[in-house]
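Enquirer: Show me how the following folds:
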Amino acid sequence: EVQLVESGGGMVQPGGSLRLSCAASGFTFSSYDMSWVRQAPGKGPEWVSAINTGGGSTYYADSVKGRFTASRDETKNTVYLQMNSLKPEDTAVYYCRVVRLNRAYWGQGTQVTVSS
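Expert: Okay, here's the model as predicted:
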C-alpha cells in the first residue's frame with residue numbers, strides 16, 4: 001500500500017523558513033518522480049515543485065522559484081521541500097504526490113501558515 005506522510009509544517013512570520021518532509025512507503029521510491037502540491041483556503045490545488053528520480057532535476061512554479069528547493073534522500077525514502085523567504089500567500093496545506101500506475105497518491109498534508 002502506497003503511503004505518503006508529510007511533516008514539518010507550522011506557523012512562521014513572513015521571511016521565515018520551513019522544511020517539509022514526505023516519508024514514502026509501499027512502492028519503489030527511487031523509481032518515481034515526486035511532486036509537491038499545495039491548496040490554499042478556498043482555492044484549488046496548485047502544483048509547486050517536482051523532482052525526478054535520483055534528484056538530478058527539479059522544477060518549480062514561478063510563484064516559488066528562487067525561494068523553494070526540492071530534494072530527496074533515497075536512503076530514507078523521503079522527499080523534502082525547503083521553503084525560504086516565505087510570504088503570506090504561501091499559506092496552504094502542502095501535499096506530496098506520486099503517480100504510480102496511472103493513479104495519483106497523496107499524503108494527508110501539512111499546514112503551512114505565514115503570518116505576522
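Enquirer: Report the contact partners of the spatially most central residue of the chain.
Expert: Centrality entry for the chain: nearest residue to the mean C-alpha point is residue 36, 3.3 Å, by Cα atoms, centre = their mean. Contacts for residue 36 (Cβ atoms under 8 Å, 6 or more residues apart in numbering) come out as 20, 22, 47-50, 70, 79, 81, 94-97. C-betas here are computed from N, CA, C, even on glycine.
Enquirer: Surely it is in a strand?
Expert: Yes - using DSSP: H, G, I helix; E, B strand; the rest coil, the assignment for residue 36 is a strand.
Enquirer: so what's it bridging to?
Expert: Beta-bridge pairing of residue 36 under DSSP bridges involves residue 49, residue 96.
Enquirer: can you pull the pLDDT of it?
Expert: Residue 36 carries a pLDDT score of 98 in this model.
Enquirer: for the protein, what spans make up the strands?
Expert: 3-7, 10-12, 18-25, 34-39, 45-51, 58-60, 68-73, 78-83, 92-100, 103-106, 110-114 (DSSP state E).
Enquirer: So residue 38 is in contact with residue 95, correct?
Expert: Yes - the criterion here is Cβ atoms under 8 Å, and residue 38 meets it with residue 95 at 7.0 Å.
Enquirer: what touches both of those two?
Expert: Residues touching both residue 38 and residue 95 (Cβ under 8 Å, 6+ apart): residue 45.
Enquirer: if I look at the residue nearest to the centre of the chain, how far off is residue 116?
Expert: 24 Å (Cβ to Cβ, to the nearest Å).
Enquirer: now do residue 38
Expert: 20 Å.
Enquirer: which of those two has more neighbours?
Expert: Taking neighbours as other Cβ atoms under 10 Å, residue 38 and residue 116 compare with residue 38 leading, 24 against 8.
Enquirer: Can you give me every residue that contacts that one?
Expert: Here residue 38 is in contact with 45-46, 48, 90, 92-95, 112 (criterion: Cβ under 8 Å, 6+ apart).
Enquirer: Let me know the closest of those residues to residue 1.
Expert: Set against residue 1, the nearest of the contacts of residue 38 by Cβ to Cβ is residue 95 (17.4 Å).
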